[in-house]
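Asker: what shape does this take:
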Amino acid sequence: MSTDFFESDATGSAAVLAGSRSVSDSQPDRLRASTDRSGFAAASLPDGVVYARSVVDVVETMRLATAHRVPIVTRGTGTGLATGASASAGEVVLDVSQMNRILRIDPVEQLAVVEPGVLNAELNVAAAMHGLFYAPDPASTAICSIGGNIATNAGGMRCAKYGVTRESVLSLRVVLADGRELVTGRETIKGVTGYDLNAVMIGSDGTLGIVVQATLRLRPIPVEIATVAAFFPDVAAAAQAASAVIAARVQPSVLEIMDGATLAAVDAAAGTDYRARGGAYLVAQTDGYGASLELDVLVKAIAPFATSYEIAVDAAHADRLIAARRDAIPALELLARVSIGDIGVPRSRLAEAAAGLEEISGRTGVQIFTVAHAADGNLHPMIVVGREESVTEGAAKVALGEMFQLASRLGGTLTGEHGVGLLKRDWLEQELGETSLELQKAIKAVFDPLGILNPGEAI
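Answerer: As a prediction, this is how the structure comes out:
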């Protein structure tokens, strides 16, 4: 990447970066980089897009951005759900999706070193060759990038047992706002020297630095995986069943719920008949040497609430049962514009949360489809509006706000794994409190004193 800059036809602040062939100010590129999969429609387009292919590209971009006070919004594959990578006029997008190399896999230490543009699913394919896997697996695993997963502290279906992204990141190489490089964490499992800057970076929505390399913890592929799917009269009954699993002290690797409306959307997209079999769906997996024994305990816990259930007889059968959950968001996106919520509540209050979401939908007239990572109380209520309707204004925004109020009343949070981005800032102080928010803004100022990294997002 050239460090030269000069006057050009580039729009606004992109002009200072126009000396590089890796900078584009074309309208299609700017439009693509203006938003993510949240359903948010940007009011204006960013000034341009920088396509980074190396750490040097990122360092030089940030040095120029600091020198010229250019706001930078970092972007991976654009699969975020909270507008954390959305940019507008006066800002330049730094696209790191082409930094997509798996640099090293160490099967002895069970770790991988990757660039931020590596896709989650691609890492798992490479790790599987060594009998290992990367645990965090968002529903968008086939298209989401590791850098974005780190920025939002993404979870996924296996978070029931293996936790969210933070539990699988050992070390990061980060480029700061002024172009300096920072290494956080270490390649050992343990390490408490100094403050935990690794944890501070994870989930920071790109507001503190730009991840250019990550050392990730891998785990052995389980020797056995057992799968069951069950149908229920409604989502409240499915939530009660999930709570019964937790109470039974069994440790599933997957425990997912879908409501009837979402099942109908999946049926329409995939030609299945799930909605005819029940008003809600629960799919669960156990893994390891005791997978079958654990599944027996799990089935006994859910059976009193279920109208029917089926246990997978082989891997292909299990894949079909899991696919119903993975297909939920793509199926809804075929209907109209989707805004995917992300509230968390105590696990014992899942049924109350599900009932509250139905009440909000009925009262506001806004369509809400719900899926949930039931093992950790993380619900994804999804608002669906017309293609030309806004998800950030009118009835949709009212419903979104009421979802957060519901989570708060139940002792929960406005975001479990998608981040705050631009979408949820209105409710941030209510959850964090004034003191916490002040301290977080002070931390932001230490890492980014000019406020040029993802300005206005996260905090």
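
Asker: per-domain residue ranges of the protein.
Answerer: The record assigns the chain these domain ranges, following automatic domain parsing: 12-95, 102-220, 222-334, 336-448.

Asker: select, out of those, the one closest to Ala458.
Answerer: domain 102-220 (3.8 Å; CB to CB). The way it works is simple: take the backbone N, C-alpha and C, and place the C-beta from them, glycine included.

Asker: can you give me the end-to-end span of that closest one?
Answerer: Distance across domain 102-220, first residue to last, is 18 Å (CA to CA, to the nearest Å).

Asker: give the rounded mean pLDDT of it.
Answerer: Averaged over domain 102-220, pLDDT sits at 95.

Asker: same question for stretch 286-294.
Answerer: Mean predicted lDDT for stretch 286-294 stands at 97.

Asker: what comes up buried for it?
Answerer: 286-288, 290-291, 294 (16 or more other CB atoms under 10 Å).

Asker: could I get the residues you listed in JSON lines, plus columns for distance to Gly401?
Answerer: Shown next, in JSON lines, are the buried residues of stretch 286-294 (distance: CB to CB, whole Å):
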{"residue": "Thr286", "distance to Gly401": "38"}
{"residue": "Asp287", "distance to Gly401": "38"}
{"residue": "Gly288", "distance to Gly401": "42"}
{"residue": "Gly290", "distance to Gly401": "44"}
{"residue": "Ala291", "distance to Gly401": "42"}
{"residue": "Glu294", "distance to Gly401": "40"}
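
Asker: return the subset of these lying in strands.
Answerer: 286-287 (DSSP state E).

Asker: and which of the buried residues of stretch 286-294 is nearest Leu422?
Answerer: Asp287 (37.3 Å).

Asker: hang on, that closest one packs against Pro220?
Answerer: No. Counting by CB atoms under 8 Å, Asp287 stays clear of Pro220, with 10.3 Å between them.

Asker: overlap of the contact sets of these two?
Answerer: Taking CB atoms under 8 Å, 6 or more residues apart in numbering as the contact rule, Asp287 and Pro220 touch no residue in common.

Asker: got a markdown table for the domains of the chain, with distance to Asn454 too?
Answerer: Below are those laid out as a markdown table (distance: least, CB to CB, whole Å):
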| stretch | distance to Asn454 |
| --- | --- |
| domain 12-95 | 5 |
| domain 102-220 | 5 |
| domain 222-334 | 24 |
| domain 336-448 | 9 |
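
Asker: out of the buried residues of stretch 286-294, who's nearest Glu122?
Answerer: Here the nearest of the buried residues of stretch 286-294 to Glu122, counting by CB to CB, is Asp287; it sits at 21.9 Å.

Asker: which one is that closest one nearest to, not counting chain neighbours?
Answerer: Pro222 (3.7 Å; CB to CB, 6 or more residues apart in numbering).

Asker: name the SS class of the one you found, please.
Answerer: coil (DSSP: H, G, I helix; E, B strand; the rest coil).

Asker: repeat for Met258
Answerer: Classification of Met258 using three-state DSSP returns strand.

Asker: got the CA coordinates for the helix or strand harbouring Ala121 in CSV?
Answerer: Mapping Ala121 onto the secondary structure by DSSP states H and E places it in helix 120-128. Only the C-alpha atoms of helix 120-128 are listed here, as CSV (Å, rounded to 0.1, in the frame of the first residue of the first chain):
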residue,chain,number,x,y,z
ASN,A,120,-15.2,-19.5,11.1
ALA,A,121,-16.2,-22.5,9.1
GLU,A,122,-12.9,-22.5,7.1
LEU,A,123,-11.0,-22.7,10.4
ASN,A,124,-13.0,-25.7,11.5
VAL,A,125,-12.3,-27.5,8.2
ALA,A,126,-8.5,-26.9,8.7
ALA,A,127,-8.6,-27.8,12.4
ALA,A,128,-10.6,-31.0,11.7
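
Asker: return the distance of the helix or strand following that helix from the chain's centre.
Answerer: Once the chain leaves helix 120-128, the next helix or strand it forms, by DSSP H and E, is strand 132-133. Centre-to-centre, strand 132-133 and its host chain are 20 Å apart (CA atoms, centre = their mean, to the nearest Å).

Asker: report how many residues lie close to the residue nearest to Asp287.
Answerer: By other CB atoms under 10 Å, 16 other residues sit near Pro222.

Asker: contact partners for it?
Answerer: 253, 287-288, 291.
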